[in-house]
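>>> No letters, just coordinates:
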């Protein structure tokens, strides 16, 4: 038992050191950021993400503008909402709000967006993706097409109206370009870094697309194959070699944001209805810098007050519990960075509530332990009884909270209530961590301190045990 407790104690100390490394407000080394393989390659960091209410951002109101004779259905709006949400998430925006407003509008909130104009263009595009044959740059009949121009293709359904083309660059009005394949032949696309650290777009085609693309690239090495969205050129890469397996890489002088935007537009195909931006506004942080600072100070004061209460009232066991609570707070912050979880006002409320539950678990344990001591039990038996007999109450209360968390998560996802979702996620994380720190960490520390010799020395010193 003693050897096992020593091993667990060593693991807890190691966990505390790793947690300290993660939560420190420093510039973490590249190797540490690269370990976060589940995060997008371009946004991997160990910083706490802030929501719209803490850092401000952009709010966009999109309105469906159907073509003549097209009817907007509720299903169309829900599909459009899902696609817009996917595009927002793929852009790396933290804690976005995407929800249907009325019968034909979608409201999108983008906290902390660096390039709102580029993000808006990504959101509203209808996504009619085509791979268009441009030809060889050395052929005078097929001069190079620059990014951003409009071209006509063989896909007449996707061709914009003359009104849409008015004022837009249109270099070849007498030429109709050939569509090699469309977005339906694309399986996935994403950003990756090459050996020099430059951003590229890796894509994979369907079986049909791979066959078409393999035949075409084999016969057109050196030619340009433009990537066109709604007849607007997104990129015009050159075919460097045949691609027989349907897996390729688009290289170019992309910034990370440009590469991610192109990958998003390729990956999340056509919206069922065109969307237009009818309103866009910049939103300041709800609290403001001074209020955020005051909230942090208030939270620290509250945490210190709780730690002092536990230490003064429960003495030595309370001090050990205070150490476990410090680790609890650190683990929460570390997970916020690792997952990552966006910190919002409702999320802060969820964290504070879970902190109260962590304290409550320790109080149940210590009160039970004090009862055992009053009944004449030895200190070591009283410690074990305090944990084992308080466990059922702790488990029941935390399970009830986790069930409530699950209901709130389902509600938040179903109805787009991001505030509810943020509160539930932070509360759920806090409850799970509090169970670990209250039961495992505190008990391990108490077993280490109250070993056989120390237990005999402290048996009659009830004042040190808070009895």
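Here it is on my side, so go on. Everything quoted here is computed from the prediction, not taken from an experiment. Residues are numbered from 1 along each chain as shown.

>>> isn't residue 379 right up against residue 373?
Yes - the criterion here is C-beta atoms under 8 Å, and residue 379 meets it with residue 373 at 7.0 Å. Yep, even glycine has a C-beta here, placed from its N, CA and C like the rest.

>>> Need the overlap of contacts for the two.
Residues touching both residue 379 and residue 373 (C-beta atoms under 8 Å, 6 or more residues apart in numbering): residue 465.

>>> quick one, strands of the stretch 201-350 of the chain?
For the stretch 201-350 of the chain, applying DSSP state E, counting those that start in this stretch gives strands covering 224-229, 232-235, 247-254, 275-283, 342-343.

>>> what packs against the second one?
Right, the one you point to is strand 232-235. strand 224-229, helix 256-267 (3 or more C-beta pairs under 8 Å, 6 or more residues apart in numbering; DSSP states H and E).

>>> can you list the domains in the protein?
Split into domains by automatic domain parsing, the chain comes to 2-37+285-465, 128-267.

>>> want to throw those into a markdown table with mean pLDDT and mean neighbour count?
What follows is the domains of the chain, written out as a markdown table (pLDDT from 0 to 100; neighbours: other C-beta atoms under 10 Å):
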| stretch | mean pLDDT | mean neighbour count |
| --- | --- | --- |
| domain 2-37+285-465 | 86 | 17 |
| domain 128-267 | 74 | 16 |
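
>>> got those domains as TSV, with distance to residue 97 columns?
Shown next, in TSV, are those (distance: least, C-beta to C-beta, whole Å):
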stretch	distance to residue 97
domain 2-37+285-465	5
domain 128-267	18
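
>>> Nearest to residue 66, out of those?
domain 128-267 (13.6 Å; C-beta to C-beta).

>>> what sits opposite residue 106 in the beta ladder?
residue 62, residue 100 (DSSP bridges).

>>> Let me know the pLDDT of it.
Looking at residue 106, its pLDDT stands at 91.

>>> same question, the one 5 residues further on
If you check residue 111, the pLDDT there is 81.

>>> hey, what's the closest residue to residue 250 other than its chain neighbours bridged with?
Distances taken as C-beta to C-beta, 6 or more residues apart in numbering put residue 201 closest to residue 250, at 4.2 Å, once the chain neighbours are dropped. For residue 201, the residues forming beta bridges with it (DSSP bridges) are residue 191, residue 250.

>>> i'd like the first residue to be 45 from this point on
Okay, using 45 as the starting number, the last item reads as residue 245.

>>> need the helices and strands packed on strand 276-279 in TSV with distance to residue 103, can you?
Converted to TSV, the helices and strands packed on strand 276-279 look like this (distance: least, C-beta to C-beta, whole Å):
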stretch	distance to residue 103
strand 268-273	24
helix 300-311	19
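
>>> my read: residue 224 touches residue 268, true?
No - Residue 224 lies out of contact with residue 268 (C-beta under 8 Å); the separation is 11.5 Å.

>>> Now do the longest helix belonging to the chain: which elements does it pack against?
The residue-count maximum for a helix in the chain (DSSP state H) belongs to helix 332-382. Contacting helix 332-382 under the criterion 3+ C-beta pairs under 8 Å, 6+ apart are the following elements: helix 46-67, helix 389-418, helix 462-479, helix 486-493.

>>> next SSE after the longest one?
Under the assignment DSSP states H and E, the closest C-terminal helix or strand after helix 389-418 is helix 423-459.

>>> Off-centre distance for that next one?
Relative to its chain's centre, helix 423-459 lies at 26 Å (C-alpha atoms, centre = their mean, to the nearest Å).

>>> just stretch 119-130 next, same as before
On C-alpha atoms, centre = their mean, the centre of stretch 119-130 falls 19 Å from the chain's centre.

>>> Report the buried residues of that stretch.
Going by neighbour count (16 or more other C-beta atoms under 10 Å), the buried part of stretch 119-130 is 120-121, 124-125, 127-129.

>>> got the angle between the longest helix of the chain and helix 46-67?
Per axes from the mean of the first three to the mean of the last three C-alpha atoms, to 10 degrees, the angle that helix 332-382 makes with helix 46-67 is 130 degrees.

>>> how big is the angle separating helix 332-382 from helix 389-418?
Using the same axes, to 10 degrees: helix 332-382 against helix 389-418 is 70 degrees.

>>> Look up phi and psi at residue 104.
As for residue 104, its main-chain torsions (degrees, to the nearest 10) stand at phi -120, psi 130.

>>> pretty sure it is touching residue 326, no?
No - with contact defined as C-beta under 8 Å, residue 104 does not count as touching residue 326 (10.6 Å).

>>> between the two, which one's more packed in?
Legend: neighbour count by other C-beta atoms under 10 Å for residue 104 and residue 326, higher for residue 104 (25 against 10).

>>> which ones are touching residue 284?
With C-beta under 8 Å, 6+ apart, residue 284 has these contacts: 265-266.

>>> ok, now how distant is it from residue 255?
Separation of residue 284 from residue 255 (C-beta to C-beta, to the nearest Å): 20 Å.

>>> likewise residue 101?
44 Å.

>>> In what element of secondary structure is residue 103 found?
strand 101-108.

>>> Determine the set of other helices and strands touching that strand.
helix 118-134, strand 149-155, helix 160-168, strand 319-327.

>>> Relative to residue 461, which of these is closest?
It is, among the helices and strands packed on strand 101-108 and with distance given as C-beta to C-beta, strand 149-155, at 12.7 Å.

>>> relative orientation of the closest one and helix 118-134 in degrees?
Using the same axes, to 10 degrees, strand 149-155 lies at 10 degrees relative to helix 118-134.

>>> Show me the contact partners of strand 149-155.
94-96, 98-108, 121, 124-125, 128, 132, 137-145, 160, 163, 167, 319, 322, 327, 386.

>>> got the angle for that strand vs strand 101-108?
Using the same axes, to 10 degrees, strand 149-155 lies at 160 degrees relative to strand 101-108.

>>> Residue 83 belongs to a strand, doesn't it?
No - assignment of residue 83 by DSSP: H, G, I helix; E, B strand; the rest coil gives coil, placing it outside any strand.

>>> Skip the chain neighbours and tell me the closest residue to it.
Nearest to residue 83 is residue 384, by C-beta to C-beta, 6+ apart, at 6.9 Å.

>>> Isn't the one you found up against residue 93?
Yes - applying C-beta under 8 Å, one finds residue 384 in contact with residue 93, separated by 5.2 Å.

>>> picking that back up, just the buried residues of the contacts of strand 149-155.
So, by 16+ other C-beta under 10 Å, the buried ones in those are 94-96, 98-104, 106-108, 121, 124-125, 128, 132, 137-144, 163, 167, 319, 386.

>>> Got the phi and psi for the residue positioned nearest the centre of the chain?
Computing the C-alpha centroid of the chain and ranking residues by C-alpha atoms, centre = their mean puts residue 384 first, at 5.1 Å. The phi/psi pair for residue 384 (degrees, to the nearest 10) reads phi -90, psi 160.

>>> Cheers, nothing more for now.
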